[in-house]
Every structure is written in structure tokens, then in C-alpha cells.
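Colleague: no sequence on hand, only this structure:
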């Protein structure tokens, strides 16, 4: 048997391809960024062709760096930025429009209309999601209504929709020459179009958005022994079985081996995503969380999760660097914040795209409050890191109210933020529970590799995956309960200042 498994991790700002051995150790990786297209305030787009080309290049470059052949990989998994929407022509393979990114807020009027006339309650019940700009359904509707020719082609069956996993899998398996149009249950559960109980596209929900069923990919398990196909022989890396597909946050759950009800993880990236495994029964949120599919292994019953999605966390640090020029690198946010002992009364709520969980307020916009002449850029850096942690506490409290589960420890993963020791200590202090980081922090790619490898027997079962998990570092809370209460009270006051800033029609 081949000795390795690969995973494409197609993220919001870059795509990486990683190769893992049987122990879950990283063997090789290659990562390439792609352009962030910002045509108007609130609009965020990507070029799907650029994403595909860089994904393909990352696969080949990682194989070359490790001196491996395609036959050395037992399987390949895909994980992706979930709600980002691509619509393309099945005959030409060309996208009709740029990918509309999950952060994009142009569909706020579509979401608001759904809630005004009662359709929003149907979406909550069937899809487990509130009507919001975040999800793919409204983005498909916008493309159908605003891009010439798409509606006609969709009615004829020539226009295809997919989140970026579907776009990549279609291209990986041949594109216009027999490409497979599929997605998995986790990505489908982020569209507002899939019924959580039937795990199929729902005609009533499709009607709400005017989406023809012919546009939609087939919904498959996240780890599929039948496979989605193989990488096309027209590529140098042809012939690799494609057997794993999960949205990025569900993939991180898989990589963190959160297989039992009550286990949770928080992924720190462009945004933050806290997920709690709720078992084989979906838990309907009453506190602003999402009910989503966590994963499905072959023909087994699906496993569900409660999720708190936060739009802007790591990207707030990027904003300090790229737009405000307060820091020269993301890593500098830690050293600058350490120059002060506290936030000096400053709170930063980075509601650049409105507020996601648990508020779901598209009318909110970012605010820095509590400023006086005493404050310095170090206080702003500290407030930025604290904003990541306070938003996570908002979600953790909603999660406990919905599930009755109190976190004993928070598993964390992701890139730049989890290597920021100060931020992770703040997270433990603000939550009041220990924070645990694994040896392999890139659990999103690892989870996709695990799903793919399980499908072909590279790993026997999830117990074997648990044996691979090892803790790298743990942060214990140091704040008093009074410090925690005072800080969180200030945060909630700051959040109130961001609301009702944008008029939503």
C-alpha cells in the first residue's frame, strides 16, 4: 500500500497541499496565496480560475519537494472555504462570475426579505441556518439575477453551482472532459438549500431562492469508500483516488479527533469557528448558533454539530498590518501588545462584515471604543487580540445555553493566531478554561487527509486516528473571576455601539 495521504486545503486567502504519513505527521507542503478582490464596500470576491490553477500547482510542487510519485499517495482529500460560491459553464469550464466569498455582504437585502415574510423560519427548521449573507443560497440567487445569461443556461442545465470543493473536484476529475459534479454533506449544509434530516436538496428551499435543481452537485459522504473519482490522467499527478471532502471547519473537527458528543474545537483563521459535536441528532439552536452536519462516514448515520461562526478574527490582525500599518507582520501583534499590561480601556469590535454568531447583525460595522489620549498603538494591538477571544466567549456561552455542555477544555488549531502565545493565554483567561493546542496545528488539512485515508483503509477506524493526537501546549487561566467579568462587561457594551450602523432594506 502507498505510504502517504494528501489533502488540498483551499482557504480564504491561500491554498495549500499537504502530505501526511500514517502517524499523521506532515511530510511536505506547498502553499500559494490568491488575490482578494474587493470591488465595492462589503463585496469580497476570488478568481475561481486562479484558485484552481494554484491548487493544481500546489499539488505538483509538494509532490516534487518530497520526491514522491502520485502512486505514493493512497488517497487525496479536499477541504475548502465553505460558503464561497462559484457558478460555471459545464461545456466551457469557465466561471460566469468571480467566486462570491463567504464574507461578502451584497445579499443583505435577500436575507432580510426572507425573514420579513416568514420564509426564514422554514430555513431555520429545515436547513438549521438563519437567513444571512454568509450562506451560499443568496449568493447563487444574486448571480442568477445579476449576471447576464446565467439564468437561461441554468434552465438548460449548462450552468453548475458549487462551493470551492465542487469546483476543484470537477476540475481534478477532468473538467469539461467528464468532470464529476459532487459535494459532501458538510458543504451542502452551508447553502440554506439542504434539508438536515433527508441530507438532500429541498424543493421548497430551492424555490425560495429560484435555484434550478440541475445546477446542484450530487451530495456524497465526507469519507466515501466509493470515491468521487480519480485525478485526471491529463495532469502529472493523475490517478490518485479522491475519497475525502469536508468543509474546512468540519475538517478541523476531524483533525482534532472530536468524534464524541460534547467534544469541541476552535479554529483561528481569517475568522473563528467554534464547533461542538452533538452526535447523530441535530440540536436546534435558540441562541444564535448554526446547526450543521459535522461529517458522514460512508453509509453511517451523519454526525451533527452546533457551530458559532465569527467573521473577522485573524483578518483583524491583517487589517492592522495592511490597512492601518500599525504592525509590519502578524507576529509583531504579540510583541506590541506585550508592551502594555491591559487594554487601557480600549475595545475593538471588528464587525467589518457585520456580526456573525451569536448576533447575526448585518447592520453592524467595526468600532474602536474607549479611546483616550493615554492610549497607544500597543493598546490597540492588545484590544485586537482580545477581540478574537471575546468573540469566542460570545459563542461558547451560546453553545452552553443550547447544549447544556460546559467546556472543560478548548482544543484550538489554525495558523498565525494559535502560535501567538499571548493571544492563547488571553483566550484561557477570558473563557476561564484551559486552552490546548495539538502538535499538528494545521488540523484542517489533516482532517481532510484522515477522511480520505479512512475511506481506502489507510487508517482502520477513528480510534486509530485518536492515537495520533498529541498536545503541544496548554494554557491555564490566570485572571480572577472579577477580571473576567469586568472585561466581558466592557466587551458587551462595545458590541452594542456597533449595531444599527448600516440601513438594511
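Modeller: Done, it's in. Fair warning: this is a prediction, and the values are worked out from it, not measured in the lab. Numbering: from 1, shown residues only.
Colleague: contacts only, for residue 103.
Modeller: Residues near residue 103 by CB atoms under 8 Å, 6 or more residues apart in numbering: 12, 44, 270-271, 311-312, 352-353. All C-beta atoms are positioned from the backbone trio N, CA, C, and that covers glycine.
Colleague: please, where are all the strands along the stretch 1-150 of the chain?
Modeller: With DSSP state E, counting those that start in this stretch applied, the stretch 1-150 of the chain shows strands at 4-10, 14-20, 26-33, 45-46, 73-80, 85-89, 99-100, listed in chain order.
Colleague: now for the fifth one, which elements pack on it?
Modeller: Where contact means 3 or more CB pairs under 8 Å, 6 or more residues apart in numbering; DSSP states H and E, strand 73-80 is packed against strand 4-10, helix 164-172, strand 241-247, helix 248-255, helix 443-455.
Colleague: given it, what are its sheet partners and their directions?
Modeller: Strand pairing for strand 73-80, using DSSP bridges, gives strand 4-10 (parallel), strand 241-247 (parallel).
Colleague: how deep is the closest residue to residue 28 other than its chain neighbours tucked in, by neighbour count?
Modeller: Of all residues not flanking residue 28 in the chain, residue 66 sits nearest, at 3.7 Å (CB to CB, 6 or more residues apart in numbering). When neighbours are counted by other CB atoms under 10 Å, residue 66 registers 16.
Colleague: got a list of what residue 66 touches?
Modeller: 19, 27-28.
Colleague: dump these to TSV, plus distance to residue 427, pLDDT and neighbour count.
Modeller: Shown next, in TSV, are the contacts of residue 66 (distance: CB to CB, whole Å; pLDDT from 0 to 100; neighbours: other CB atoms under 10 Å):
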residue	distance to residue 427	pLDDT	neighbour count
19	30	97	26
27	30	94	17
28	31	95	18
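Colleague: is it possible to export the helices and strands packed on strand 73-80 to JSON lines including mean neighbour count, mean pLDDT and distance to residue 491?
Modeller: Listed next are the helices and strands packed on strand 73-80 as JSON lines, based on neighbours: other CB atoms under 10 Å; pLDDT from 0 to 100; distance: least, CB to CB, whole Å:
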{"stretch": "strand 4-10", "mean neighbour count": "29", "mean pLDDT": "97", "distance to residue 491": "31"}
{"stretch": "helix 164-172", "mean neighbour count": "27", "mean pLDDT": "98", "distance to residue 491": "33"}
{"stretch": "strand 241-247", "mean neighbour count": "29", "mean pLDDT": "98", "distance to residue 491": "28"}
{"stretch": "helix 248-255", "mean neighbour count": "31", "mean pLDDT": "94", "distance to residue 491": "23"}
{"stretch": "helix 443-455", "mean neighbour count": "31", "mean pLDDT": "96", "distance to residue 491": "27"}
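Colleague: who's sitting farthest from the centroid in this structure?
Modeller: residue 373 (38.3 Å; CA atoms, centre = their mean).
Colleague: shaky segments in the chain?
Modeller: Counting by pLDDT under 70, the ranges of the chain that qualify are 1, 504-505.
Colleague: leaving out the residues flanking it, which one is nearest to residue 44?
Modeller: residue 101 (4.0 Å).
Colleague: I figured that neighbour was touching residue 47, is that so?
Modeller: No: look at residue 101 against residue 47 with CB atoms under 8 Å: they stay out of range, at 11.1 Å.
Colleague: in terms of neighbours, single out the busier of the two.
Modeller: Taking other CB under 10 Å, residue 101 and residue 47 do not tie; residue 101 has more neighbours (22 against 15).
Colleague: quick one, what contacts the more buried one?
Modeller: 12, 44-46, 81, 84.
Colleague: so how far is residue 450 from residue 211?
Modeller: For residue 211, the distance to residue 450 equals 32 Å [CB to CB, to the nearest Å].
Colleague: can you check residue 372 too?
Modeller: Distance, residue 372 to residue 450, by CB to CB: 50 Å.
Colleague: packing partners of the longest helix along the chain?
Modeller: Looking across the chain with DSSP state H, the single longest helix is helix 377-403. Contacts defined by 3+ CB pairs under 8 Å, 6+ apart place helix 377-403 against strand 264-268, strand 272-279, strand 303-310, helix 314-322, helix 332-337, strand 347-349, helix 421-431, helix 481-498.
Colleague: the inter-axis angle of it versus helix 421-431?
Modeller: 40 degrees (axes from the mean of the first three to the mean of the last three CA atoms, to 10 degrees).
Colleague: which secondary structure elements does the helix or strand that comes right after helix 377-403 contact?
Modeller: Scanning forward in sequence from helix 377-403 by DSSP states H and E, the next helix or strand is strand 410-414. Contact partners of strand 410-414 among helices and strands, from 3+ CB pairs under 8 Å, 6+ apart: helix 248-255, strand 264-268, helix 421-431, strand 435-438, helix 443-455.
Colleague: one more time with 7 Å, if that's ok
Modeller: Applying 3 or more CB pairs under 7 Å, 6 or more residues apart in numbering; DSSP states H and E, one finds that strand 410-414 makes contact with strand 264-268, strand 435-438.
Colleague: what residues does whichever strand or helix holds residue 162 touch?
Modeller: Under the criterion of DSSP H and E, residue 162 resides in strand 159-163. Strand 159-163 is contacted from outside by 80, 82-90, 96, 136, 140, 150, 153, 170, 181, 183, 187, 215-217, using CB atoms under 7 Å, 6 or more residues apart in numbering.
Colleague: mind redoing it with 8 Å?
Modeller: 80-90, 96, 136, 140, 150, 153, 166, 170, 181, 183, 187, 190-191, 211, 215-217, 247.
Colleague: and the residues you listed, which of them are buried?
Modeller: Those of the contacts of strand 159-163 that meet the buried threshold are 80-90, 96, 136, 140, 150, 153, 166, 170, 181, 183, 187, 190-191, 211, 215-217, 247, by 16 or more other CB atoms under 10 Å.
Colleague: returning to what we had before: now tabulate the helices and strands packed on strand 73-80 in a markdown table and tack on distance to residue 284.
Modeller: As requested, the helices and strands packed on strand 73-80 are exported to a markdown table (distance: least, CB to CB, whole Å):
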| stretch | distance to residue 284 |
| --- | --- |
| strand 4-10 | 30 |
| helix 164-172 | 26 |
| strand 241-247 | 20 |
| helix 248-255 | 19 |
| helix 443-455 | 25 |
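Colleague: between these, which one is nearest to residue 394?
Modeller: helix 248-255 (16.8 Å; CB to CB).
Colleague: now the angle between strand 14-20 and that closest one, please.
Modeller: Computed by the same axes, to 10 degrees, the angle separating helix 248-255 from strand 14-20 equals 20 degrees.
Colleague: relative to strand 272-279, how tilted is helix 248-255?
Modeller: Counting by the same axes, to 10 degrees, helix 248-255 lies at 60 degrees to strand 272-279.
Colleague: which neighbouring elements make contact with helix 248-255?
Modeller: Short answer (3+ CB pairs under 8 Å, 6+ apart): helix 248-255 packs on strand 73-80, strand 264-268, strand 272-279, strand 290-295, strand 303-310, strand 410-414, helix 443-455.
Colleague: can you pull out the residues in contact with it?
Modeller: 9, 11, 77, 79-82, 186, 222, 246, 265, 267, 269, 273, 275, 277, 292-295, 305, 307, 309, 413-414, 440, 442-448, 450-451.
Colleague: distance of residue 37 relative to residue 95?
Modeller: Distance of residue 37 to residue 95, given as CB to CB: 13 Å.
Colleague: one step back: distance to residue 501 and mean neighbour count added to the helices and strands packed on strand 410-414, as CSV?
Modeller: Listed next are the helices and strands packed on strand 410-414 as CSV, based on distance: least, CB to CB, whole Å; neighbours: other CB atoms under 10 Å:
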stretch, distance to residue 501, mean neighbour count
strand 264-268, 26, 27
strand 435-438, 32, 22
